[in-house]
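Engineer: Need a 3D model of the sequence below.
(chains A and B, ligands or ions: 2)
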Amino acid sequence: MTALATDTALRIDGVSRVFGAGAGQVHALDGIHLDVRPGEFVCLLGASGCGKSTLLSLVAGLDRPTVGTVDTGGRRVGMMFQDSALLPWLTAGGNVEVPLKLRRVPKATRRARVDELLGMVRLAGQGDRRPHELSGGMRQRVSLARAFAQEADILCMDEPFGALDAMTRDLLHDELERIWRETGVTVLFVTHDVREAVRLGDRIVLLSSRPGRVAEIFDVAMDRPRRIDEHQVSELASVVTARLRQEVARHGH
Amino acid sequence: MATDTDTVTSRSLEAGSGTDGRNLGPGPGGDPATGDPATPAQRTSDEALAGLDALDLPVSSGRPTAGRIWSVTWPKIAALALFLLVWQIVVWSGWKPTYVLPGPGDTLPEFFDQLGTGEFWDAFGRTLTRAGEGYAVAVVLGGVVGLVVARFGLLRAAVGSFITALQTMPSVVWVPLAILLFKLNESAIMFVVVLGAAPSVANGVIYGVDYVPPLLVRVGRSMGARGFSLYRHVVAPAAFPSVLAGLKQGWAFAWRSLMAGELIVIVPGHPSIGADLQNARDLSDTVGVLVSMLTIFAIGVAVDAVFNILDRRMRERRGLLSEGSNAVRAARGPRNGRPKEDLAGPTGPVGPLSGADTSAV
Ligand SMILES: Nc1ncnc2c1ncn2[C@@H]1O[C@H](COP(=O)(O)OP(=O)(O)OP(=O)(O)O)[C@@H](O)[C@H]1O
Ligand SMILES: [Mg+2]
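Structural biologist: Residues are numbered from 1 along each chain as shown, chains lettered A, B, ... in the order given. Ligands and ions are numbered 1, 2, ... in the order given. The predicted structure is shown next:
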């Protein structure tokens, strides 16, 4: 719990994570360095299996690095999982309420807060529905509301919109960007989708595979709000894609 | 804890700051153009989301309850009628003289007559009290043992298979020991019931905790749940289906054990259904035997119905009902083809125990 400089919300310093031992060892991450500014939106991009989820787990404190440190300066880290991962025995509202209960928010405040958060993700009045009664997109939004209920300073999102149709995803990009601007939360956003990364990120961190290393960092100096079908977005996306291909091709031989 | 005052103060959604989440006011340093809560762009996106949501919501399958009750009741009535018919046919066939095997026409009136006597209710009450007390003790004991064993790996290795072995022990086997330890009294019966039921309850808890999906544990931990709060908010509810299966099976074992106990451990001056059954047998009173058996059967069915209601409600709430709207939706085509998790649910298997239910006492 060292003091981070005020312009750093998260410092990932020389982090490696090795799974297993002996011949079957997997170097999931190797010597990752990354500083993230408060309120920054960072997208993590990389081929499947390059260690993106592992990195988020380390940041969220669900796992420990083999070498190196992850310093959040005592900030609260929230996590949104790839599939919505709602608790199936609770209603949508109940799911959003859990983080509030865990922080011992008084009951009266909790009610109002849940309604507020569901409103934020455009699910006002749907709080009594059970997860299985919601569509995939709606579940994802409940999950988003739950992540925001943690009042995290750093929000880790692991391919949150990967399984959604393009239209729902576009709309959720708008929602997420709006909420991010309103709250000033720092976001670490994992995706496979290069355009999505360009659409949302202030910076794009490209990871190489086996071992996972930072291959390149792209600054996205584009005005917001962006549209995913915008010319500029496509342009940068093709640059990033070319670089990603290069990374993947390294493993071809 | 949020220590960085910068971030905290700049967050318009911090609890207590009184901001309305729906207020689209610009964040600090945000774009003033978004200040209007209903910019046309925002409105369109809202409408689009609402449209998609409307398409996505399941069609509620609200069948009328009266119809549903009838649809589950009539097969039972038909089965009962069939059973009575077969019984009557066997009697008519003259396989045994009617004083050895009376028909339903002799037995049922006697059964209903019995319902009007004080002795019957006395015996009924005592048996149910024994069952209730023994089951309650078994639930507490089995629950605690299950939790402790599930929590500590060493104990698991030591007693895990022992519990399963205990579960397969026919409970009559405990009766002689119980009589030697406690003589012919209530404690002996209690002993048999508790030992019969507790292992099932413990196993239900152990399996339940074992099969909590790791993802849900990670979800809980990522929200800051640790130790007891993790158990309360994630592990316990996730384990509930298996625990309920264990409770149901535990009841079946408690009831069987109780009958084994009551047939053999007859406490003088303490009439019970099992004692009545034994008495009737001693007097070669087949009608009496059948009346007691009917009573035992009826209680078993009634308690089973309670467990089934609980089970059904739990599965309904978690979207685990196969006849529910999900299966219907999934079967109806691509538009409704939700991911399979809807059907399986991330709740872990409900029935690692159900197979053992058939092992008779
Ligand atoms: N618990 C574990 N034990 C062993 N190996 C693991 C474990 N978790 C992850 N790995 C390995 O670490 C590597 C990185 O995994 P990770 O899940 O972080 O990839 P990812 O970038 O998130 O992939 P995807 O994009 O497919 O989700 C993989 O090779 C995986 O096999
Ligand atoms: Mg992953």
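Engineer: from here on, contacts and neighbour counts on C-alpha atoms
Structural biologist: Fine.
Engineer: Show me the beta-bridge partners of the residue positioned nearest the centre of chain A.
Structural biologist: With distances taken as Cα atoms, centre = their mean, residue A:157 lies nearest the centre of chain A, 2.0 Å away. With DSSP bridges as the criterion, residue A:157 is bridged to residue A:80, residue A:189.
Engineer: Distance check, it against chain B.
Structural biologist: 12 Å (Cα to the nearest Cα, to the nearest Å).
Engineer: my read: that residue touches residue A:83, true?
Structural biologist: No. If you go by Cα atoms under 8 Å, residue A:157 and residue A:83 don't touch, sitting 10.6 Å apart.
Engineer: one step back: check contacts around the residue nearest to the centre of chain A.
Structural biologist: For residue A:157, the contacting residues are A:56, A:79, A:80, A:81, A:82, A:187, A:188, A:189, A:190, by Cα atoms under 8 Å, 6 or more residues apart in numbering or on different chains.
Engineer: mind listing the helices in the stretch 151-253 of chain A by residue range?
Structural biologist: Along the stretch 151-253 of chain A, counting by DSSP state H, counting those that start in this stretch, helices occupy A:166-183, A:194-200, A:231-249.
Engineer: Residue B:162: how many residues sit nearby?
Structural biologist: Neighbourhood size, residue B:162 [other Cα atoms under 10 Å in any protein chain shown]: 12.
Engineer: How about the secondary structure of it?
Structural biologist: helix (DSSP: H, G, I helix; E, B strand; the rest coil).
Engineer: after the helix or strand harbouring residue A:17, next one along is what?
Structural biologist: Taking DSSP states H and E as the definition, residue A:17 sits inside strand A:10-19. For strand A:10-19, the following helix or strand on the C-terminal side (DSSP H and E) is strand A:26-36.
Engineer: Please save the CA atoms from that next one in PDB.
Structural biologist: Taking Å, rounded to 0.1, in the frame of the first residue of the first chain, the C-alpha atoms of strand A:26-36 are listed here in PDB:
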ATOM      1  CA  VAL A  26       2.700 -21.800 -18.300                       C
ATOM      2  CA  HIS A  27       4.200 -18.300 -18.300                       C
ATOM      3  CA  ALA A  28       0.900 -16.500 -18.600                       C
ATOM      4  CA  LEU A  29       2.300 -13.100 -18.000                       C
ATOM      5  CA  ASP A  30       5.900 -12.000 -18.100                       C
ATOM      6  CA  GLY A  31       7.300  -8.600 -16.900                       C
ATOM      7  CA  ILE A  32       4.300  -6.500 -17.500                       C
ATOM      8  CA  HIS A  33       4.700  -2.800 -16.800                       C
ATOM      9  CA  LEU A  34       1.700  -0.500 -17.000                       C
ATOM     10  CA  ASP A  35       0.800   2.800 -15.300                       C
ATOM     11  CA  VAL A  36      -2.800   3.900 -15.600                       C
END
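Engineer: May I see the buried residues of that strand?
Structural biologist: By 16 or more other Cα atoms under 10 Å in any protein chain shown, the buried positions in strand A:26-36 come out as A:27, A:28, A:29, A:30, A:31, A:32, A:33, A:36.
Engineer: do stretch A:165-172 as well
Structural biologist: A:168, A:169, A:170, A:171, A:172.
Engineer: Chain B next: which of those are close?
Structural biologist: A:168, A:171 (Cα under 8 Å from any Cα of the partner chain).
Engineer: Among the buried residues of stretch A:165-172, which ones lie close to ligand 1?
Structural biologist: Checking these against ligand 1 by Cα under 6 Å from any ligand atom, not one of them is in range.
Engineer: how about low-confidence regions in the chain?
Structural biologist: You didn't pick a chain, so chain A it is. For chain A, applying pLDDT under 70 flags the ranges A:1-3, A:5, A:252-253.
Engineer: looking at chain B here, not the other one
Structural biologist: B:1-64, B:322-361.
Engineer: go with 80
Structural biologist: Filtered on pLDDT under 80, chain B yields the residue ranges B:1-65, B:153, B:321-361.
Engineer: Tell me which helix or strand the most centrally placed residue in chain B sits in.
Structural biologist: The geometric centre of chain B, computed from its C-alpha atoms, lies nearest to residue B:244 (Cα atoms, centre = their mean), at 3.4 Å. Element membership for residue B:244, per DSSP H and E: helix B:236-264.
Engineer: C-terminal to that helix, what's the next element?
Structural biologist: The element immediately downstream of helix B:236-264 (helix or strand, assigned by DSSP H and E) is helix B:273-282.
Engineer: List the buried residues in that following helix.
Structural biologist: Buried-residue list, helix B:273-282, by 16+ other Cα under 10 Å: B:273, B:274, B:275, B:276, B:277, B:278, B:279, B:280.
Engineer: Get me the contact residues on the stretch 1-150 of chain A for chain B.
Structural biologist: Residues of the stretch 1-150 of chain A lying near chain B (Cα under 8 Å from any Cα): A:6, A:38-39, A:60-62, A:73-79, A:81, A:85-90, A:98-99, A:102, A:113, A:116-117, A:119-120, A:122, A:130-136, A:138, A:150.
Engineer: Could you find the closest non-adjacent residue to whatever residue of the stretch 51-200 of chain A ends up closest to ligand 1?
Structural biologist: Closest contact between the stretch 51-200 of chain A and ligand 1, by Cα to the nearest ligand atom, is at residue A:51 (3.1 Å). Excluding its sequence neighbours, the residue lying closest to residue A:51 (Cα to Cα, 6 or more residues apart in numbering or on different chains) is residue A:28, at 5.2 Å.
Engineer: contacting residues for the one you found?
Structural biologist: Applying Cα under 8 Å, 6+ apart, the residues contacting residue A:28 are A:16, A:17, A:18, A:19, A:49, A:50, A:51, A:54, A:210, A:211, A:212.
Engineer: how far away is the residue nearest to the centre of chain A from residue A:79?
Structural biologist: For residue A:157, the distance to residue A:79 (Cα to Cα, to the nearest Å) stands at 6 Å.
Engineer: Distance check, residue B:293 against residue B:159.
Structural biologist: Using Cα to Cα, residue B:293 is found at 37 Å from residue B:159.
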